[in-house]
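[1] the amino acid sequence is not available; the structure is as follows:
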């Protein structure tokens, strides 16, 4: 039932495989009929390359998002300082109260607009990274079909 020549298992060789840092050598001695190990490793390398590319795109996008947040914070702080200098709490009239309410309303609307812009930017970054991965997944499925057709 168990043919030692076909499916030989050597515990020492198996343990030695885990000592190497090069995982491509992990399956070096493995032979499977009608299975192309080189093609599998090449496909996995393409998968890793796609993930690296997606991560680079996401990192660049999030760096841009961070820069926008800093710019918005600076703009908000400058506007707040300007508004505070215009407010005179000691002589609050109906007209002054209305002006303060308008300033607060404008600030709130600007904050909502900024948050909308940031969320749209984050959505765009995530969509771009996902598209890179989707292209690779589609290609990987086609490669698997081709490998299956050969076998």
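    Okay, I see it. Only a predicted model underlies this, so the values are computations on that prediction, with no experimental measurement involved.
[2] what is the helix ranked longest in the chain packed up against?
    The residue-count maximum for a helix in the chain (DSSP state H) belongs to helix 94-150. Contacting helix 94-150 under the criterion 3 or more C-beta pairs under 8 Å, 6 or more residues apart in numbering; DSSP states H and E are the following elements: helix 37-86. For every residue, glycine as well, the C-beta is placed using N, CA and C.
[3] please name every helix or strand in contact with the helix it packs on.
    By 3+ C-beta pairs under 8 Å, 6+ apart, helix 37-86 packs against helix 94-150.
[4] got the contact list for residue 133?
    For residue 133, the contacting residues are 50, 51, 54, by C-beta atoms under 8 Å, 6 or more residues apart in numbering.
[5] try 6 Å this time
    Contacts for residue 133 were tallied using C-beta atoms under 6 Å, 6 or more residues apart in numbering; they are residue 54.
[6] roughly how far apart are the residue nearest to residue 79 when sequence neighbours are not counted and residue 118?
    The shortest distance from residue 79 to any non-neighbouring residue, by C-beta to C-beta, 6 or more residues apart in numbering, is to residue 107 (6.7 Å). Applying C-beta to C-beta, to the nearest Å, the value for residue 107 to residue 118 is 16 Å.
[7] for residue 98, same thing?
    Taking C-beta to C-beta as the measure, residue 98 and residue 118 are separated by 31 Å.
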